[in-house]
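S.K.: no sequence on this one, just coordinates:
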Ligand SMILES: Nc1ncnc2c1ncn2[C@@H]1O[C@H](COP(=O)(O)OP(=O)(O)OP(=O)(O)O)[C@@H](O)[C@H]1O
């Protein structure tokens, strides 16, 4: 799920200080002492928001929290030891915000999916009451780095690994579609490689592998560590997977985050949460989420896994720039979209002259020309074989058809020649 604007519901700091026009934006009067990068927003710890968690808390009478795995707009995710398992076992605990924990929580749709090596299904769930409300908690297998993080870049068979990852994602989305479910938020950050080897280890051994969790103190207005029950005394930085032994990661990634999913026979969400680089034209222009918009996102996702780069990588991440970038690479939009977007399509400004950027690209083959680049930490580059480029571009083009009804299904995509190379 993409972060929604729940912080707008925060207690109003302006009312604390009268009619001061320079009042702070809505706030719960808390702040972080250290760098907030990679952490959930502190404003989300209030009634209806996140459940405050501290390391070593035991949740659901069963799960002891030992590290943080991540956070999103709707949940925080924790590594926990299952205290009731016969042997030492670990799980990922996804704690949903209180105001998203109703019976209509999309994550509950997971019950309809079959167990599969491509999809990460909850193994247990429970409800938990806390100072900010009642929270749904889903218990998942523990997964590791994102499929586009370059975890396997040093491997000789990297091309095959990426091919295999693309096949797994396509198979995952095909099985979701076969049940009449639209995922609604398909993108590389929701595709994770499983991590193995923790079960049977003591907690300190697991932490020796992952690194001790780092804390960022939560301070109140007086600059003291927060003790109010609605927020924790510190936030925890998530595990840094790039520091972990890569031999623990499995090569078949799994699809996560069904928080934007919906049954296609019912109404699609009013505000689909897919972020701009993965939004299909009908999603941008008509808010029309559905299986075809998943297929568009699949095209963008396969490109990103195979190349380490975003297909549409825009400076401002705005729909108008995105529409322009789309037209440059995929050609003119069909009518009426071409005429109705004439004025709003703003020309994307490329400020980056790095060799990983396909300047003046006018086709998907052009976009593949710079090859594979990972740049999040150490720069890594590898060419994509020239015989592969037109075949891959053909598959992408079939998923990135402007007209939703012309896109090939995920099942058909699996039969494409690129998956046989
Ligand atoms: N089973 C898991 N194992 C390990 N890490 C996980 C697992 N599930 C989620 N995470 C981590 O937690 C992050 C947030 O999870 P998720 O995307 O499911 O939550 P969300 O609130 O719906 O997020 P978003 O708003 O980003 O869509 C993920 O990006 C990932 O890094």
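M.R.: Noted; the coordinates are in hand. This one's a predicted model, so the numbers in the text were calculated from it and none came from an experiment.
S.K.: shouldn't residue 65 be in contact with residue 93?
M.R.: Yes - contact criterion CB atoms under 8 Å: residue 65 and residue 93 qualify, at 7.2 Å. For the C-beta atoms, the positions are set from N, CA and C on the backbone; glycine is no exception.
S.K.: near the ligand, which residues of the protein?
M.R.: The interface of the chain toward the ligand, taken as CB under 6 Å from any ligand atom, is made up of 1-3, 69-75, 77, 92, 94, 120, 140, 142-143, 185, 189-190, 192, 256-257, 259.
S.K.: go again using 5 Å as the cut-off
M.R.: 1, 69-70, 72-75, 77, 92, 140, 143, 256-257, 259 (CB under 5 Å from any ligand atom).
S.K.: In helices, which of those fall?
M.R.: Members of the residues of the chain next to the ligand lying in helices (criterion: DSSP state H): none.
S.K.: follow-up on the earlier one: quick one: which of residue 65 and residue 93 has more around it?
M.R.: Each of residue 65 and residue 93 has its neighbours counted (other CB atoms under 10 Å); residue 93 has more, 28 against 20.
S.K.: Bridged to that one, which residues?
M.R.: When assigned by DSSP bridges, residue 93 has beta-bridge partners residue 78, residue 139.
S.K.: Next, residue 384: secondary structure please.
M.R.: Following DSSP: H, G, I helix; E, B strand; the rest coil, residue 384 is assigned to coil.
S.K.: which one is it nearest to, not counting chain neighbours?
M.R.: Among residues not flanking residue 384 along the chain, residue 371 sits closest, at 4.9 Å (CB to CB, 6 or more residues apart in numbering).
S.K.: Enumerate every residue touching the one you found.
M.R.: Taking CB atoms under 8 Å, 6 or more residues apart in numbering, we find residue 371 in contact with 307, 381-384.
S.K.: okay, now residue 384: neighbour count?
M.R.: Residue 384 has 17 nearby residues by other CB under 10 Å.
S.K.: Could you do the one 3 residues further on as well?
M.R.: Each residue near residue 387 was counted by other CB under 10 Å, and the total is 8.
S.K.: and it, backbone torsions?
M.R.: phi -70, psi -20 (degrees, to the nearest 10).
S.K.: any idea how far it is from residue 368?
M.R.: Using CB to CB, to the nearest Å, we find residue 387 at a distance of 12 Å from residue 368.
S.K.: same check, this time on residue 165
M.R.: Applying CB to CB to residue 165 and residue 368 gives a distance of 17 Å.
S.K.: Which positions within stretch 403-421 qualify as buried?
M.R.: Residues of stretch 403-421 classed as buried: 404, 407-410, 413, 416, 418-419 (neighbour count, 16 or more other CB atoms under 10 Å).
S.K.: what sits in contact with each of residue 65 and residue 93?
M.R.: Contacts common to residue 65 and residue 93, judged by CB under 8 Å, 6+ apart, are 59, 78-80.
S.K.: so, if you compare the residues you listed, which one comes nearest to the ligand?
M.R.: Nearest to the ligand among those, counting by CB to the nearest ligand atom, is residue 79 at 7.4 Å.
S.K.: residues near the closest one, how many?
M.R.: 27.
S.K.: now swap in residue 221 and tell me
M.R.: 11.
S.K.: more crowded one of residue 165 and residue 368?
M.R.: It is residue 368, of residue 165 and residue 368, that has more neighbours when counted by other CB under 10 Å, with 25 against 22.
S.K.: Once you drop chain neighbours, what's closest to that one?
M.R.: Leaving aside its chain neighbours, residue 368 sits nearest to residue 389 (4.6 Å; criterion: CB to CB, 6+ apart).
S.K.: The helix or strand harbouring that neighbour packs against which elements?
M.R.: In this structure, residue 389 is located in helix 388-399 according to DSSP states H and E. Here helix 388-399 touches helix 291-307, helix 364-368, helix 410-414, going by 3 or more CB pairs under 8 Å, 6 or more residues apart in numbering; DSSP states H and E.
S.K.: okay, these, which one's buried deepest?
M.R.: Counting by mean count of other CB atoms under 10 Å, helix 291-307 has the highest mean neighbour count of the helices and strands packed on helix 388-399, with a mean of 24.
S.K.: now it against helix 388-399, angle please.
M.R.: Relative orientation of helix 291-307 versus helix 388-399 (axes from the mean of the first three to the mean of the last three CA atoms, to 10 degrees): 160 degrees.
S.K.: hmm, who's touching the helix or strand that helix 291-307 is followed by?
M.R.: Later in the chain than helix 291-307, the nearest helix or strand by DSSP H and E is helix 319-330. With contacts defined as CB under 8 Å, 6+ apart, helix 319-330 is touched by 276-277, 279, 281, 284, 311-312, 314-315, 333, 341, 344-348, 361-364, 366-367, 397, 400, 402.
S.K.: For residue 209, what is the enclosing helix or strand?
M.R.: Counting by DSSP H and E, the element that carries residue 209 is helix 203-210.
S.K.: Would you mind confirming that residue 137 makes contact with residue 94?
M.R.: Yes - using CB under 8 Å, residue 137 is in contact with residue 94, at 6.8 Å.
S.K.: And those two? Which one has more around it.
M.R.: Using other CB under 10 Å, the more surrounded residue of residue 137 and residue 94 is residue 94, with 27 against 22.
S.K.: quick one: contacts for that one?
M.R.: Residue 94 touches 75-77, 107, 122, 137-140, counting by CB under 8 Å, 6+ apart.
S.K.: Check residue 114 too.
M.R.: Contacts of residue 114 (CB under 8 Å, 6+ apart): residue 175.
S.K.: Please shift the residue numbers so they start at 46 in all later answers.
M.R.: Yep, numbering from 46; the last one is residue 159 now.
S.K.: Tell me the pLDDT of it.
M.R.: At residue 159, the predicted lDDT confidence score is 73.
S.K.: just residue 436 next, same as before
M.R.: Per-residue confidence (pLDDT) for residue 436: 98.
S.K.: and what of residue 390?
M.R.: Residue 390 is given a pLDDT of 67.
S.K.: any idea which helix or strand carries residue 211?
M.R.: Element membership of residue 211 [criterion: DSSP H and E] is helix 203-223.
S.K.: What residues of that helix count as buried?
M.R.: By 16+ other CB under 10 Å, the buried positions in helix 203-223 come out as 204, 206-208, 210-222.
S.K.: Could you check the angle it makes with helix 433-444?
M.R.: 10 degrees.
S.K.: Find the closest residue to the ligand in this structure.
M.R.: Per CB to the nearest ligand atom, residue 117 is where the chain lies closest to the ligand, at 1.8 Å.
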